[in-house]
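[1] sequence plus predicted model, see below.
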Amino acid sequence: MLNIEELKQKACSTIDKRKKDLINIAKDVLANPEAGFRETRTASLVAKEFDQLGIPHNDGLAITGVKGRIAGGAGPGPKIAVIGELDSLIVEGHPFADQKTFAAHACGHHCQIGMMLGATMGLMTPEVLSQLSGEIVPFAVPAEEFIEVEHRLQLREEGRLEFLGGKQELIRLGEFDDVDIAMMCHTASDMGERKFAMGGTSNGHMVKYVRFIGRGSHAGGAPHLGVNALNAATFAIQAMHASRETHKPEDTVRVHGIMTRGGEAVSAVPSDVRLEWRVRSGSPQAVVRNGAVVDRCFKAGALAVGASVEITNIPGYLPMRHHAKLQDIFNSNSVSLLGESSTLVMPPRRNRGGSTDMGDLSHLIPVCHPYASGAVGSGHSKEYIIDDYETAVINPAKIMAMVVIDLLADGAGKGKEVSASHRPAMNKQAYLRFQREQAQVISFDGNV
Amino acid sequence: MASQMLSKEELKKKASDEIDSRADEIVAIAKAILKNPEPGFREIKTAQLVAGKLAELGIPFRAGLAVTGVRVDLVGGTAGPALAILGELDSLIVNQHPHADPVTGAAHACGHHCQIAMMFGALYALNQPDVLSALSGRLIFMAVPAEEYIEIEFRDSLRRAGKIDFLGGKPELINVGEFDDINLAMMLHTTSNPAEKQLCISGTNNGTIAKKIQFIGKGSHAGGAPHLGINALNAATLALSAIHFNRETFRDEDTVRVHPIITKGGEAVSAVPSDVRMETFVRGRTMDAIMDANKKVDRALRAGAMAVGASVNIQTIPGYMPLDQDKNLSEVFQANAESLVGTDNVGYVAHRTGSTDMGDISQLMPAIHPYVGGASGLGHGADYVIEDYGLAVITAAKVLAGTAIDLMADGANSAGKIIAGHRPNMTIAEYLKSMREIASDETYKDE
């Protein structure tokens, strides 16, 4: 019988042995980026690895998700998911962008697949697995980046999705019903000497797909017969800027978006202008409140020129709630592996501004979502690349394996403790009800 | 046996000689008014000066029409139509003008003082017994108030006090019936534009409506609690942007002009502005164009309010109707202008984008509003002054008198033809109804 430290050493030693393979897997995913709900190649790569490890798995969950299941050898206990995100962003000009789709791993998710498999390999070391209670659920999940809204709405139309984010959809499908604790690790840049950062929170958000309908007309010959949908949209955007002063600092409000269609041809009055918009805030209530302000701005834009507007509100992500005890376990493992100065723990109210669907999961079960260094460049930009795979893949694989050992060894005492101490912000039914309430279509005719 | 009737040319010669012989006295009227400028519905001293001059002549007159207007009717030798010659009493307010009143800032930066003088010149010329007896019908000389559409707040207070219904002089004179018995009307305005030459014929002018706007937000500490405020200034600036966003839908031929000002932009810089006020005109070539633009302006104002969750009060006030000058009447004027200053010195402008309440008169009867040179500087500017009183007053008086003679001599044959050939756009009753329908007062808040 090995003690916990020995179990961790065994697991880490397995990961070290497979280091080259793990980094190659990450680089393979990097070289073949696929945006959310399109990650078919990446998913089959994960499935193939699971097969090689002899892990039973279910595929095609929320279109592309791959969920494995490994029972520990020491009897029943909590089920711990080790999550890796499959999807890329779309960043034209990224050095590793797909030349056709411009999909690119500008957020390091390819490393997550490597580290998820690495942790799994470590935990499957026979002497380790035999001493763990409960189950390990290695889980490759789709579509964390909330992009390509129009495409995903199409999938929703076709009945292939209800929610447009991967973990949201997996929650709806019940794929987290049998998971007690979940963890993942995201890469980050500009962390100085730190190897890991954790804690704080993230913004919740709401996604809006907006269509301004005006009336086309010859822009030179008969502009007076047109209704300029582009003017309606620019007015709406100005109105949002004017509203910024009413954002409360503690709400960390972010209102931003892109125009996916700005008119048809320069010689015609634009009659069809489309936007994808995002409203982020530190609490679900503030998201709803600030979302209503943005809706009012869109309506005012339509009213300003006599256009009409259709706002499709799409439930976005909830703010992140890290489980303190789980995070402490993660932190103590990174300290023991890499030293005291290797980790940074943010104050609980520190908001990173961005959003992740791990936030949704965090409202239901204990989760942690720390950051691992190893990247350079600004996240989501074409400069964001991984320059240290040891740090970005191997270290997090080891720490996650060590955390699972802490949770599930010794009769899973710690795992049960984490699970029992968790106060969920909402149950699954309440979560689905809240999100479904956000899904609405607002139509407004400003031609009055 | 009655004395031989004088020919038109002989009548004009007598008229011109009379004006020349009293030139100093006539110009002195203009200069006296220049020194005592008074804006619309406040032209007390100017009206007294007019009344004093009429009293000197011993002709009965009526005063206090539409607050300050003065009217005198001369009766020709035989019956016939009624021709009005108008002179505007009011000044602008231009503080920096060299002849501005140091207390009120009132200044004749649009040359109206010359109009009263030229009207008297024509009156002296046509009131000669052998001239007047050769004319048929009546000649009405009317000093009219408040052509410049300014001091809206003050005029609205007169309206609320029941002293006027409309905020412009001629609309109010129409309202009180002073144009009921008039068949044709003319006046002559000064200009500083050399392209318009010494005398200038013109066609049309924009009409306008006026708007008073108040955005109501919610005050709050701008540093401490901006999230509790509703910024009425943001509502107003967004509304201005929304107006700009609509400009591309204004047709060239409609010459729409929307030019707002902010008269109150907030209370104190440390508070979220909760009370922001604007005024604007909405001008256009036709009433349809004005009302179309007005609808878009109203929508833009509401959008500004909606954008930030404020409310907006929009008061729409009837202004002036577009000026549509009678071509036949213009031709008579033009012939007199050409014979006085030579064909080369007569200009023509098809359309002007400013507005005058002579437009309202032109909706009802044949009317003209040509221009006379003699001024320099920019109209309504601090540098607009009359350089040549000989042209701006004396020649002006002669061309008005000559035109009146052409119209009203020979049994007013010419005036009769012009009246018969003119199709008024509306009756006085229709005009008053339509003006009252423009007036509205609405408060909008998106709930």
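    Cool, got the structure.
[2] can you name the next helix or strand after the helix or strand bottoming out on mean pLDDT in chain B?
    Sorted by mean pLDDT, DSSP states H and E, the helices and strands of chain B end with strand B:261-265, the least confident at a mean of 90. The element immediately downstream of strand B:261-265 (helix or strand, assigned by DSSP states H and E) is strand B:275-284.
[3] next helix or strand past the helix or strand containing A:M198?
    In the assignment (DSSP H and E), A:M198 maps to strand A:196-201. Going down the chain from strand A:196-201, the next helix or strand is strand A:204-213, by DSSP H and E.
[4] helices or strands up against that following strand?
    helix A:149-157, helix A:229-243, strand A:272-281, helix A:284-305, strand A:308-315 (3 or more Cβ pairs under 8 Å, 6 or more residues apart in numbering or on different chains; DSSP states H and E). Quick note: C-beta positions are derived from backbone N, CA and C, even for glycine.
[5] Throw these into a markdown table and include distance to A:G200, mean neighbour count and mean pLDDT, thanks.
    A markdown table is the format used below for these (distance: least, Cβ to Cβ, whole Å; neighbours: other Cβ atoms under 10 Å in any protein chain shown; pLDDT from 0 to 100):
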| stretch | distance to A:G200 | mean neighbour count | mean pLDDT |
| --- | --- | --- | --- |
| helix A:149-157 | 27 | 16 | 94 |
| helix A:229-243 | 26 | 24 | 96 |
| strand A:272-281 | 15 | 23 | 94 |
| helix A:284-305 | 17 | 24 | 96 |
| strand A:308-315 | 23 | 22 | 97 |
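[6] just checking: what are the partner strands of the strand holding A:M198?
    Strand A:196-201 has the following strand partners under DSSP bridges: strand A:343-351 (parallel), strand A:371-376 (antiparallel).
[7] contacts for the strand or helix carrying B:E172?
    Counting by DSSP H and E, the element that carries B:E172 is helix B:169-175. Under the contact criterion Cβ atoms under 8 Å, 6 or more residues apart in numbering or on different chains, helix B:169-175 has outside partners B:40-41, B:65-67, B:69, B:86, B:88-90, B:142, B:144-147, B:164-166, B:179, B:318, B:320, B:357-358, B:360-361, B:364, B:428, B:431-432, B:435.
[8] off-centre distance for that helix?
    Here helix B:169-175 is found 11 Å from its chain centre; the criterion is Cα atoms, centre = their mean, to the nearest Å.
[9] return the distance of the helix or strand that that helix is followed by from the chain's centre.
    Toward the C-terminus, helix B:169-175 is succeeded by strand B:184-186 as the next helix or strand (DSSP H and E). With Cα atoms, centre = their mean as the basis, strand B:184-186 stands 14 Å off its chain's centre.
[10] who in the stretch 201-350 of chain A is up against chain B?
    Residues of the stretch 201-350 of chain A lying close to chain B by Cβ under 8 Å from any Cβ of the partner chain are A:219, A:223-224, A:226-228, A:231-232, A:234-235, A:238-239, A:242-243, A:245-248, A:269, A:293, A:296-297, A:299-301, A:303-306.
[11] I'd like to know which of the contacts of helix B:169-175 are part of strands.
    Among these, the members found in strands (DSSP state E) are B:L65, B:G69, B:L86, B:E88, B:M142, B:V144, B:P318, B:Y320.
[12] most widely separated two among those residues?
    Spanning the widest gap among the ones in strands among the contacts of helix B:169-175 are B:M142 and B:P318, at 21.1 Å by Cβ to Cβ.
[13] could you check which of those two has the larger neighbour count?
    B:M142 (28 against 23; other Cβ atoms under 10 Å in any protein chain shown).
[14] distance of A:G316 from A:K416?
    33 Å (Cβ to Cβ, to the nearest Å).
[15] any idea what A:I442 is bridged to?
    Applying DSSP bridges, one finds that A:I442 bridges with A:I311.
[16] and B:M278, by the same measure?
    B:I213, B:I262.
[17] is it in contact with B:L233, as I believe?
    No: B:M278 is beyond contact range of B:L233, at 10.6 Å (criterion: Cβ atoms under 8 Å).
[18] now do the shared contacts for the two.
    The contact lists of B:M278 and B:L233 share B:F215, where a contact means Cβ under 8 Å, 6+ apart.
[19] not counting its neighbours along the chain, what's nearest residue 363?
    All of this refers to chain A. The shortest distance from A:H363 to any residue other than its chain neighbours is 4.2 Å, reached at A:A425 (Cβ to Cβ, 6 or more residues apart in numbering or on different chains).
[20] my bad, the chain I had in mind was chain B
    B:Q363 sits nearest to B:N425 (Cβ to Cβ, 6+ apart), 4.5 Å away.
[21] so which bits of the stretch 301-447 of chain B are right by chain A?
    So the stretch 301-447 of chain B meets chain A at B:R302, B:A303, B:G304, B:M306, B:A307, B:V308, B:G309, B:D446 (Cβ under 8 Å from any Cβ).
[22] state the mean pLDDT of the strand or helix carrying the fifth one.
    Think B:A307. Using DSSP H and E, B:A307 maps to helix B:287-308. Averaging pLDDT along helix B:287-308 yields 97.
[23] how about it: buried residues?
    B:287, B:289-290, B:292-294, B:296-308 (16 or more other Cβ atoms under 10 Å in any protein chain shown).
[24] tell me the helices and strands packed up against it.
    Against helix B:287-308 (3+ Cβ pairs under 8 Å, 6+ apart) you get helix A:229-243, helix A:284-305, strand B:207-216, helix B:232-246, strand B:275-284, strand B:311-320, strand B:440-444.
[25] all helices of chain B, in order?
    Applying DSSP state H to chain B gives helices spanning B:8-21, B:23-34, B:44-57, B:112-126, B:129-132, B:152-160, B:169-175, B:232-246, B:287-308, B:327-341, B:358-362, B:389, B:396-421, B:428-438.
[26] can I get those in a markdown table with distance to A:F212?
    Below are the helices of chain B laid out as a markdown table (distance: least, Cβ to Cβ, whole Å):
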| stretch | distance to A:F212 |
| --- | --- |
| helix B:8-21 | 65 |
| helix B:23-34 | 56 |
| helix B:44-57 | 55 |
| helix B:112-126 | 49 |
| helix B:129-132 | 69 |
| helix B:152-160 | 36 |
| helix B:169-175 | 41 |
| helix B:232-246 | 12 |
| helix B:287-308 | 13 |
| helix B:327-341 | 47 |
| helix B:358-362 | 38 |
| helix B:389 | 59 |
| helix B:396-421 | 51 |
| helix B:428-438 | 32 |
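[27] by mean pLDDT, show me the worst of these.
    When I compare the helices of chain B, helix B:152-160 is least confident, with a mean of 93.
[28] now B:V272: closest residue in space that isn't a chain neighbour?
    B:G229 (2.9 Å).
[29] list the contacts for that neighbour?
    Counting by Cβ under 8 Å, 6+ apart, the residues that B:G229 touches are A:E245, A:T246, B:G217, B:K218, B:G219, B:S220, B:H221, B:A222, B:A271, B:V272, B:S274.
[30] number of nearby residues for the third one?
    Residues near B:G217, counting by other Cβ under 10 Å, number 25.
[31] who touches it in this structure?
    Contacts of B:G217 by Cβ under 8 Å, 6+ apart are B:229-233, B:235, B:272-276, B:308, B:310.
[32] whichever of those end up buried, select them in ChimeraX.
    With 16+ other Cβ under 10 Å as the criterion, this ChimeraX line picks the buried residues out of the contacts of B:G217:
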select /B:229,230,231,232,233,235,272,273,274,276,308,310
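[33] and which of the contacts of B:G217 is nearest to A:E157?
    Closest to A:E157, out of all of those and judged by Cβ to Cβ, is B:V308, at 34.9 Å.
[34] OK, contacts around the closest one?
    A:A239, A:A242, A:S243, B:G217, B:I230, B:N231, B:A232, B:N234, B:A235, B:L238.
[35] ok, now how distant is it from B:P322?
    Counting by Cβ to Cβ, the gap from B:V308 to B:P322 is 36 Å.
[36] near chain A, which residues of the stretch 101-250 of chain B show up?
    B:222, B:226-227, B:229-231, B:234, B:237-238, B:241-242, B:245-246, B:248-250.
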